[in-house]
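[1] pasting the sequence and the predicted coordinates here, then a few questions.
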Amino acid sequence: MAEAVLQVRGLVKHFPLTRGIVFKKQIGAVRAVDGVDFDLFQGETLGIVGESGCGKSTVAKLLMRLEEPTAGRILFKGEDITRLSGKALKAVRRNIQMVFQDPYTSLNPRMTVGDIIGEPFEIHPEAAPKGDRRRKVQDLLDVVGLNPEYINRYPHQFSGGQRQRIGIARGLALNPEIIICDEPVSALDVSVQAQVINLMTRLQKEFDLSYIFIAHDLSIVRHISDRVGVMYLGRIVELGNEEQIYEHPTHPYTQALLSAVPVPDPEARERRERIILAGDVPSPANIPSGCRFRTRCWKAQDKCVTEVPPLAVPPALREVGGPAAHESACHFAAERDCAPAGG
Amino acid sequence: MDTLLDVRDLHVEFRTRDGVAKAVNGVNYSVNAGETLAVLGESGSGKSVTAQAVMGILDSPPGHITRGRIFFQGADLLSLHREARRQLRGARMAMIFQDALSALNPVLSVGAQLGEMFVVHRGLSRRDARARAVELMDRVRIPAAKERVGDYPHQFSGGMRQRIMIAMAMALEPDLIIADEPTTALDVTVQAQVMELLAELQREMHMGLILITHDLGVVADVADKIAVMYAGRIVETAPVHEIYKAPAHPYTKGLLDSIPRLDQKGQELYAIKGLPPSLLRIPPGCAFNPRCPMAQEVCRTDEPPLYEVAPHRASACHFWKETLDG
């Protein structure tokens, strides 16, 4: 197996809830990320899916060290980067870059495209000598499919898809090994999404990049990812390769999530068996005991209230083997026949 | 079947500082009672502006209806007096907006906002209106409706807020509902709940529903027929079962082809090249021609009419036959 470029172990981020202005008293915590483990291998794409509030964007910020983790470790090529600061942190950040969701707010409207893409060189002057920068920026524009002559234009002169290309060029500037993409296409029109996805796939091959691809659109994640982690309320509840997750999900939440996605095929309308979950996601400030999904789960038993199911290959499924044997945090993990009845 | 709404040759333009933006350029569609029409299009395709013109909530100025007619239950809406239209709105036709948080008034309780419908249109007392509000909240399955009727919009989750929007639209049992991206802001599992609720209420009350969306999946799930919009014009209309099997317009085909499919894993996705045009400068001829893989000389000069492809099917493409076959 390829080398793990990033290892995440027991990552936790709690945001304190306080009361009082002068004498702040902590009255609770929003458990945004509550124990996340995964590896990212060289050259692969790890998709992370989940609904809003599940903590997927907080994970991205923690990996970038834009937020300080409450607990846990992040290892970049075996080196613990969780407590780095100053120069050492700066050096690591060169290798981990980010592409943001909203191409309208993540580019400074008062800077030219050349300055935006070249800004990483200001922070890391060793990456490109001063006289060489303009040419490098033009190369980057070319790589992401924009006209290099646009270097002096401002963000508002570009469309959403073009702006996202600018954001990607900025992410590539320092030649990183890992790019964390937080919902990179969800703000774009359908006809433009495919263009950006194709660009990202091409760049991955060209520069041997490893991606963490965070999104809520399950079909796009499936297309681009080698492995997929499903998050619910601050934890990964199921993790496996693309086929294991999409064809053989064993966690009830993954099954419900997949069954809820509208399929662009009217013929499938009658045949599909939908799992409609009751209620809303609980607040991350008040996470249920035991299994955090149990309040919405149709399989929940007493055991689910008392025991937290670990993210591991369930023993019963391991014996059987096959694609259903992958990590799933459920006491009663089992493949559900998702095949349409009579189809 | 009774034609509930009939939009004919509608033109809307926005007069802005930069010039005239032609947002809607000759739209025709109709909806029958009990039927769901999906209007599919990307941002700027004119799908929401058309709906606003139908509802009579177009911002004017800068928006102006320059041509066309809108018939609702036989009456010509555009010739109606302002007050007559206001009485239709809410009572006979209602709208559900995408973003419930900004569509609801943050300083009024949801009970007051729901009850207002009955006070204004039905002349009910506040107390009776409140009782009706609770009934409505029950009907859209908001748990503990009686206790929550005094709560404010921010105290509800996104899915619950969208239910309140639906309750408000349903309050006076209108004949037509226009839902503008009703589930776009919601998570998938909540989206499924809300769509199911909307479809169920529609069946029960035999309403016409116009569903405005950009999501081909949602369309396939609930619509009877579909109108695909591009640059302010309908480029294809068809019963929903047929369009997914064999699109008759290259734009529809491009959208369908760019959906990631299983057997394409690891390959390039099909992508429609280029960008949607600016409404200030719509290309001459067919508006889609600069992006179209099939474009010929005629597409740059002659605007294609809506050709009848089959019964109830039309495509605004000179080469609809070739598209349908290939």
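    Noted; the coordinates are in hand.

[2] what's the burial count for residue A:115?
    When neighbours are defined as other Cβ atoms under 10 Å in any protein chain shown, residue A:115 has 15 of them. C-betas here are computed from N, CA, C, even on glycine.

[3] mind checking the SS state of it?
    helix (DSSP: H, G, I helix; E, B strand; the rest coil).

[4] now residue A:149: how far from residue A:172?
    Residue A:149 sits 19 Å away from residue A:172, going by Cβ to Cβ, to the nearest Å.

[5] ok, the two, which is more surrounded?
    Ranked by neighbour count (other Cβ under 10 Å), residue A:149 and residue A:172 place residue A:172 first, with 22 against 9.

[6] just checking, the more buried one touches residue A:140?
    Yes: if you go by Cβ atoms under 8 Å, residue A:172 and residue A:140 touch, sitting 6.0 Å apart.

[7] low-confidence stretches in the stretch 151-300 of chain A?
    For the stretch 151-300 of chain A, applying pLDDT under 70 flags no range at all.

[8] CA-only coordinates of stretch B:47-61 in PDB, if you can.
    What follows is stretch B:47-61, C-alpha atoms only, in PDB (Å, rounded to 0.1, in the frame of the first residue of the first chain):
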ATOM      1  CA  LYS B  47     -36.700  30.600 -14.100                       C
ATOM      2  CA  SER B  48     -37.300  32.600 -10.900                       C
ATOM      3  CA  VAL B  49     -38.100  35.900 -12.800                       C
ATOM      4  CA  THR B  50     -40.800  34.100 -14.700                       C
ATOM      5  CA  ALA B  51     -42.300  32.900 -11.400                       C
ATOM      6  CA  GLN B  52     -42.100  36.400  -9.900                       C
ATOM      7  CA  ALA B  53     -44.000  37.700 -12.900                       C
ATOM      8  CA  VAL B  54     -46.700  35.100 -12.500                       C
ATOM      9  CA  MET B  55     -47.000  35.900  -8.800                       C
ATOM     10  CA  GLY B  56     -46.900  39.600  -9.400                       C
ATOM     11  CA  ILE B  57     -44.000  40.200  -7.100                       C
ATOM     12  CA  LEU B  58     -41.500  41.400  -9.800                       C
ATOM     13  CA  ASP B  59     -39.300  44.300  -8.600                       C
ATOM     14  CA  SER B  60     -40.500  47.100 -10.800                       C
ATOM     15  CA  PRO B  61     -38.500  49.100 -11.600                       C
END
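
[9] and that stretch, which residues are buried?
    By 16 or more other Cβ atoms under 10 Å in any protein chain shown, the buried positions in stretch B:47-61 come out as B:47, B:48, B:49, B:50, B:51, B:52, B:53, B:54, B:55, B:56, B:58.

[10] what packs against the helix or strand of chain B with the lowest mean pLDDT?
    For chain B, counting by mean pLDDT, DSSP states H and E, helix B:100-103 ranks last in confidence among helices and strands (a mean of 82). In terms of contacts (3 or more Cβ pairs under 8 Å, 6 or more residues apart in numbering or on different chains; DSSP states H and E), helix B:100-103 is packed against helix B:158-170.

[11] how is chain B carved up into domains?
    B:3-223, B:230-325 (automatic domain parsing).

[12] can you redo the ones you listed as JSON lines with distance to residue A:335?
    Listed next are these as JSON lines, based on distance: least, Cβ to Cβ, whole Å:
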{"stretch": "domain B:3-223", "distance to residue A:335": "20"}
{"stretch": "domain B:230-325", "distance to residue A:335": "18"}
